[in-house]
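# okay, sequence plus prediction incoming.
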2 protein chains.
Amino acid sequence: MDDDALLIDRQPLPDGVPARLGEQLRFLAEADKLKTVLRASLLAAADRRENDAEHSWHLALMVILLAEYADQPIDVGHAIKLVVVHDLVEIYAGDSPVFVPGAADDQAEREMAAAERLFGLLPGDQAASMRALWDEFEAAVTPEARFCKAMDRLEPMLLNWLNGGGTWEMPGATEALVRAREAGVVAGSTSLGALTGLLVDEGLRRGWIRP
Amino acid sequence: MDDDALLIDRQPLPDGVPARLGEQLRFLAEADKLKTVLRASLLAAADRRENDAEHSWHLALMVILLAEYADQPIDVGHAIKLVVVHDLVEIYAGDSPVFVPGAADDQAEREMAAAERLFGLLPGDQAASMRALWDEFEAAVTPEARFCKAMDRLEPMLLNWLNGGGTWEMPGATEALVRAREAGVVAGSTSLGALTGLLVDEGLRRGWIRP
């Protein structure tokens, strides 16, 4: 993808669109690119990799249905905002697959630069509020962000389970790395952490994860 | 897709998962199928059709960024829930493309049956709350539902604009049908309705829409 070309430049908006709305639409058009950022995870429903937009939607649905398992009470509406926004920077920074050695080496720098560029398309107030949502998710300090991080770890584990291995069988995957992902679930939800413990234990027993 | 087989049946959960959580995960696994339901719309960022999960995610982002244009104040967190849930029944009922004559003929019946079956996978309380969200969206009476319907109409118009025609150029598309979609935006937001008016007028001028 040519990182320098905005999608909106392909078909500039007609005359008469107010400036603020034009900036918002420029960002919303660019956001279409999230549908082309592929993750390592395979879907359960089709034989292809998942993209970031689908993944973000799945997390939103999980937040709605699993919020009762958060260790601290969460504001569900606010939590959904966090997951809708959490991967947007990957439009420019790309996905950093956890089981590919070295893939995350300069991830923080890449994502910081991407955030500046992407959120900078928006009017100032919204650039700041979107950046604040992304920062909150990344810091994983608030109850909502901790729970959303847990969903972000749990969803690929569920896909791996349904696929009978999935990314757990990648060359770079080890039990230690899988257990570290499990810890991210435990940090937001004791009961969902117990679930991932069951999935990982059974995955090891079946040979889907290398001990 | 074999409608009779649940995705979770391919790989039943391990022993020890509590019954309620098991039902929730059964539903969340089945939801993966929304990523395979194709819409008529083409993406702007890639040469392929959009799927329902990506579309639902895009609407959620639009709700966050365009809520200020709702004609009545809306609860953004609640509105995002509506768009996350609004197309789930298409897992069993399929998409009903607006510019394909006859495609929507038995849509209401198909979707009602799909809702029974799909939401019925959940524990009773959540089956009811998900069904209530879907019913609210469909009825388009609350300010949130009206605004979400407007987003559901606006998003494909934005994709059509970026693609220089898109589904506006389908054999079944007419100015009257496109104007009827525009009315759905106006019903939730006067200012975004004015925007779609500009896009449609200019689309007609450029020959992307047949008068």
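Cool, the structure landed.
# how close does the residue nearest to residue A:107 when sequence neighbours are not counted sit to residue B:14?
Spatial nearest neighbour of residue A:107, chain neighbours left out: residue A:96 (4.4 Å); criterion: C-beta to C-beta, 6 or more residues apart in numbering or on different chains. Every residue, glycine included, has its C-beta placed from N, CA and C. Per C-beta to C-beta, to the nearest Å, residue A:96 is found 29 Å from residue B:14.
# which of the two has more neighbours?
Remark: of residue A:96 and residue B:14, residue A:96 carries more neighbours, 18 against 15, as counted by other C-beta atoms under 10 Å in any protein chain shown.
# max-length helix in chain A?
As assigned by DSSP state H, the longest helix anywhere in chain A is helix A:143-162.
# for that helix, packing partners?
When contacts are defined as 3 or more C-beta pairs under 8 Å, 6 or more residues apart in numbering or on different chains; DSSP states H and E, helix A:143-162 packs onto strand A:38-42, helix A:52-66, helix A:76-85, helix A:124-139, helix A:175-186, helix A:190-205, helix B:7-10, helix B:19-30.
# just the closest residue of chain A to chain B, please.
Using C-beta to the nearest C-beta, the closest approach of chain A to chain B is made by residue A:77 at 1.6 Å.
# what number of residues lie near that residue?
As a burial measure, residue A:77 scores 17 neighbours (other C-beta under 10 Å).
# skipping its backbone neighbours, what lies nearest it in space?
In space, residue A:77 is closest to residue B:77, 1.6 Å off (C-beta to C-beta, 6+ apart).
# verify the contact between the one you found and residue A:76 for me.
Yes. Using C-beta atoms under 8 Å, residue B:77 makes contact with residue A:76 at a distance of 6.7 Å.
# tell me the phi and psi of residue A:106?
Torsion angles at residue A:106 (phi, psi; degrees, to the nearest 10) stand at phi -110, psi 30.
# residue contacts, residue A:85?
Counting by C-beta atoms under 8 Å, 6 or more residues apart in numbering or on different chains, residue A:85 makes contact with A:130, A:133-134, A:137, B:61, B:64.
# go on, residue A:165?
A:203, A:208-209.
# how about 6 Å then?
The contact partners of residue A:165, taken as C-beta atoms under 6 Å, 6 or more residues apart in numbering or on different chains, are residue A:208.
# ok, which residues in chain A are in contact with chain B?
Counting by C-beta under 6 Å from any C-beta of the partner chain, chain A comes close to chain B at A:7, A:11, A:14, A:16, A:24, A:28-29, A:31-33, A:35-36, A:43-46, A:53-54, A:56-57, A:60-62, A:65, A:77, A:80, A:84, A:161-162, A:164, A:198, A:202.
# you'd agree residue A:50 is in a helix?
No. Counting by DSSP: H, G, I helix; E, B strand; the rest coil, residue A:50 is not part of a helix but strand.
# I'd assumed residue A:40 was in contact with it.
No. Taking contacts as C-beta atoms under 6 Å, residue A:50 lies outside contact range of residue A:40: 8.5 Å.
# any chance of the helices and strands packed on helix A:143-162 in TSV, plus mean pLDDT and distance to residue B:122?
As requested, those are exported to TSV (pLDDT from 0 to 100; distance: least, C-beta to C-beta, whole Å):
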stretch	mean pLDDT	distance to residue B:122
strand A:38-42	97	24
helix A:52-66	98	7
helix A:76-85	98	16
helix A:124-139	98	27
helix A:175-186	94	21
helix A:190-205	97	17
helix B:7-10	97	13
helix B:19-30	98	5
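# quick one: closest of these to residue B:141.
Smallest distance to residue B:141 across those (C-beta to C-beta): 20.1 Å, for helix A:76-85.
# following element in sequence after the closest one, please.
Downstream of helix A:76-85, the next assigned helix or strand under DSSP states H and E is helix A:90-93.
# elements contacting that following helix?
The contact analysis (3 or more C-beta pairs under 6 Å, 6 or more residues apart in numbering or on different chains; DSSP states H and E) places helix A:90-93 against helix A:107-119.
# contacts for the helix it packs on next, please.
Against helix A:107-119 from outside (C-beta under 6 Å, 6+ apart): A:89, A:91-93, A:96, A:127, A:130-131.
# could I get the buried residue list for that helix?
For helix A:107-119, the neighbour count (16 or more other C-beta atoms under 10 Å in any protein chain shown) marks A:110-111, A:114-115, A:118-119 as buried.
# relative to the whole chain's centre, how far out is it?
Distance, stretch centre to chain centre, for helix A:107-119: 15 Å (C-alpha atoms, centre = their mean, to the nearest Å).
# just the CA trace of it, in PDB.
Only the C-alpha atoms of helix A:107-119 are listed here, as PDB (Å, rounded to 0.1, in the frame of the first residue of the first chain):
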ATOM      1  CA  GLN A 107       6.600  -1.600  17.100                       C
ATOM      2  CA  ALA A 108       6.200   1.100  19.700                       C
ATOM      3  CA  GLU A 109       8.100   3.700  17.500                       C
ATOM      4  CA  ARG A 110       6.200   2.600  14.300                       C
ATOM      5  CA  GLU A 111       2.800   2.900  16.100                       C
ATOM      6  CA  MET A 112       3.700   6.300  17.700                       C
ATOM      7  CA  ALA A 113       4.500   7.700  14.300                       C
ATOM      8  CA  ALA A 114       1.400   6.200  12.800                       C
ATOM      9  CA  ALA A 115      -0.800   7.700  15.500                       C
ATOM     10  CA  GLU A 116       0.600  11.200  14.800                       C
ATOM     11  CA  ARG A 117      -0.100  10.900  11.200                       C
ATOM     12  CA  LEU A 118      -3.500   9.100  11.200                       C
ATOM     13  CA  PHE A 119      -5.200  11.000  14.100                       C
END
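# done for today, thanks.
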